[in-house]
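Trainee: Let me see the structure of the following:
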Amino acid sequence: KHLINRRTAINTAIVSPFLLTSSPSNAATIENQNPRAITTIRLNSPNQKAGLELYNIQIGTPPRNVVAVKAVQINGQGARDGAERGMILLDYANREDLIARLTSGVYPIEIRLFNLALGADSIGDLGRSMVTPEDALQLSSSISKS
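Mentor: Now for the predicted structure:
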């Protein structure tokens, strides 16, 4: 079998141009999706908390603004559904749009997160990503600044 190192895996995950684009509303969208790369968090009522801390970051070439997961609270629905630091928020242009949706309802609400590390061909022999979503996000951010 062909072994690749961590840097090659990260570059493969990030540099693939078909992965992450911006829609007219500036919400991150994914082309040619790997279904395993998307985590869906379903909130059935306003009492249920996602437990995600989000922040804005610029990634890719050409650079585009996305919302990423900064932290996952262990007692939130996001942790139960598999959210990880570094995942990208899909379907919402910014944190404020998601907060407005959570505040106004209508429930259930689905929050979709994309794992850049699983977006391409960076899967190791054990069927797991060779890099973390956070590593992939950091590399993509550094590429946008160069």
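Trainee: which regions of this structure sit below the pLDDT cut-off?
Mentor: 1-35, 119-130, 143-146 (pLDDT under 70).
Trainee: By residue count, tell me the biggest helix in it.
Mentor: helix 133-145 (DSSP state H).
Trainee: List the contacts of Ala71.
Mentor: Leu52, Glu53, Arg85 (CB atoms under 8 Å, 6 or more residues apart in numbering). Yep, even glycine has a C-beta here, placed from its N, CA and C like the rest.
Trainee: Report the beta-bridge partners for the first one.
Mentor: Counting by DSSP bridges, Leu52 is bridged to Val72.
Trainee: Strands of this protein, start to end?
Mentor: 20-22, 28-30, 38-43, 52-59, 64-72, 88-89, 109-114 (DSSP state E).
Trainee: which of those is buried the deepest?
Mentor: strand 88-89 (a mean of 24; mean count of other CB atoms under 10 Å).
Trainee: Give the other helices and strands that it contacts.
Mentor: Contact here means 3 or more CB pairs under 8 Å, 6 or more residues apart in numbering; DSSP states H and E; on that basis strand 88-89 packs against strand 64-72, strand 109-114.
Trainee: re earlier: distance to Leu118 added to the contacts of Ala71, as a markdown table?
Mentor: Below are these laid out as a markdown table (distance: CB to CB, whole Å):
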| residue | distance to Leu118 |
| --- | --- |
| Leu52 | 18 |
| Glu53 | 21 |
| Arg85 | 14 |
